[in-house]
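S.K.: Okay, sequence plus prediction incoming.
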Amino acid sequence: MTETLVKEAMTTPMLTLDAEATVDEASRGMLEAGIKSLVVVGEACRPEGIFTSTDVLQVAADGRPTDEATIGEYMTSPVKTVDPDTSLSSVGRRMVEEEVSHLPVTDADGNGVGILTTTDVTEALSAAELPAGST
C-alpha cells in the first residue's frame, strides 16, 4: 500500500488575504467558505502568516473593533509550511510535535498551492483502505 501524500489530502484552493485586510473581512470570508483558517500572503502568493478562528477570538478578547484590526496584527508569523510530496504520516507527526493544526502547502518556489489541516489528515487517513483481514 502506498503512502498518502499531502497533495492528495490538502484543501485547494486556499483562502488568502493580504496582511492589511481587516479581521472583519477575514472572519466573513472564513464563515462564507466554512473554514477556520486563511493564509496571509505577500508577493507572488508566498505565505507570510496564518490567521485562524482562534485569532478572531483574541481580537474579541482584546476589545478591538474587527473593522479596524488587521489580520497582520494577529496572524501567526513566520508560518510553517509543508511540501506537497510529503507523506501524511510524517506531516501528522510534525503537526503533533509542533502543535500546529494548519500548514500552508508550498511549491518548490515557495508559492502557496493549498493548505493542510488536521481535519484533512484525519479524513484522508480514515478514508484509506484497511489491509485485507483487518477490522
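M.R.: Ah, there it is.

S.K.: tally of neighbours for Val113?
M.R.: The number of residues packed around Val113, counting by other CB atoms under 10 Å, is 18. Bear in mind the C-beta positions are built from the backbone N, C-alpha and C, glycine included.

S.K.: Identify all contacting residues around the helix or strand that contains it.
M.R.: Using DSSP states H and E, the secondary-structure element containing Val113 is strand 112-117. Under the criterion CB atoms under 8 Å, 6 or more residues apart in numbering, residues 6-7, 9-14, 16, 36-37, 39, 41, 45-47, 82, 84, 91, 101-107 lie in contact with strand 112-117.

S.K.: Just the buried subset of those, please.
M.R.: Neighbour-count burial within the contacts of strand 112-117 applies to 6-7, 9-11, 14, 16, 37, 39, 41, 45-47, 82, 84, 91, 101-106; the criterion is 16 or more other CB atoms under 10 Å.

S.K.: now the strands: where do they sit in the chain?
M.R.: 16-17, 37-41, 47-52, 102-106, 112-117 (DSSP state E).

S.K.: Rebuild those as CSV, extending it with mean pLDDT and distance to Leu125.
M.R.: Below are the strands of the chain laid out as CSV (pLDDT from 0 to 100; distance: least, CB to CB, whole Å):
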stretch, mean pLDDT, distance to Leu125
strand 16-17, 94, 26
strand 37-41, 94, 20
strand 47-52, 94, 22
strand 102-106, 94, 15
strand 112-117, 93, 12
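
S.K.: Can you give the contact residues for stretch 4-17?
M.R.: Contact partners of stretch 4-17, identified using CB under 8 Å, 6+ apart, comprise 25-26, 29-30, 33, 35, 37-41, 45, 51, 71, 82-88, 91, 104-105, 112-117, 120-121, 123-125, 128.

S.K.: Kindly recompute the last result at 7 Å.
M.R.: Applying CB atoms under 7 Å, 6 or more residues apart in numbering, the set of residues contacting stretch 4-17 from outside is 25-26, 29-30, 33, 35, 38-41, 45, 71, 82-88, 91, 104-105, 112-117, 120-121, 124, 128.

S.K.: Same question for stretch 63-80.
M.R.: Counting by CB under 7 Å, 6+ apart, the neighbours of stretch 63-80 from elsewhere in the structure are 17, 19-24, 26-27, 40, 47-51, 55, 58-59, 98, 100, 103-104.
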